[in-house]
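K.L.:
pasting a predicted model and its sequence here:
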Amino acid sequence: QVQLVESGGGLVQTGDSLRLSCAASGRTFIAYAMGWFRQAPGKEREFVAAISGTSGRTGYADSVKDRFTIARDNAKNTVYLQMNSLKPEDTAIYYCAARPGSINSNAALYAYWGQGTQVTVSS
C-alpha cells in the first residue's frame, strides 16, 4: 500500500513557476514509477509526466515538454514537478500517482493516487 500526499499548488500568473511535491509512504518507494496527471474542469484526466524508480527514465506530455521537469528523491520518498512558463491552459487539479514497475502515460495503470492539488494560472 502506498499513500500519496501532494502539495505546492496555488494561484499564479502567466509565465510564473511552481513546484509541486508528492510525499509517499512506504519503504519500497524506489520500486514504483511515479506519475503526475492533471484534470481541468469538464475535461478528462490527462498525463503530464512520469519518472521511473531506478533508472530515472522520464516521459512527458507534448504540451509540457521543455517547460515542466519531473524529479524524485528516493531518500525522501518524494517526487517533484517543477513547472515553468505556466500558461492559463495549465490550470487544473494535479494528481500524483504510483505504479509498480515502469513508467506509463495511461492513468488506468496507476494503482495509487493522491488527493490532488489545485493549480490556477491567471492571464
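P.N.:
Received it, and whenever you're ready, just let me know what you need.
K.L.:
so which bits of the strand or helix carrying Tyr80 are buried?
P.N.:
Here Tyr80, judged by DSSP states H and E, is contained in strand 78-83. Of the residues in strand 78-83, those buried by neighbour count under the rule 16 or more other CB atoms under 10 Å are Thr78, Val79, Tyr80, Leu81, Met83. Every residue, glycine included, has its C-beta placed from N, CA and C.
K.L.:
for the closest residue to the first one other than its chain neighbours, list each beta-bridge partner.
P.N.:
Leaving aside its chain neighbours, Thr78 sits nearest to Ala23 (5.3 Å; criterion: CB to CB, 6 or more residues apart in numbering). In this structure, Ala23 has beta-bridge partners Val5, Thr78, where bridges are defined by DSSP bridges.
K.L.:
so what's the residue count around Ala23?
P.N.:
Look at Ala23: counted by other CB atoms under 10 Å, it has 16 neighbours.
K.L.:
which residues does the residue nearest the centre of the chain contact?
P.N.:
Nearest residue to the geometric centre of the chain (CA atoms, centre = their mean): Trp36, 2.3 Å. With contacts taken as CB atoms under 8 Å, 6 or more residues apart in numbering, Trp36 has the following neighbours: Leu20, Cys22, Val48, Ala49, Ala50, Ile70, Val79, Leu81, Tyr94, Tyr95, Cys96, Ala97.
K.L.:
ok, the buried residues of strand 78-83 vs Tyr110, which is closest?
P.N.:
The nearest member of these to Tyr110, counting by CB to CB, is Val79 at 12.5 Å.
K.L.:
pLDDT at the closest one, what is it?
P.N.:
pLDDT, Val79: 98.
K.L.:
over to Gly26?
P.N.:
79.
K.L.:
and the pLDDT at the residue nearest to it when sequence neighbours are not counted?
P.N.:
Nearest non-adjacent residue to Gly26, counting by CB to CB, 6+ apart: Val2, 5.0 Å away. Confidence at Val2, expressed as pLDDT, is 92.
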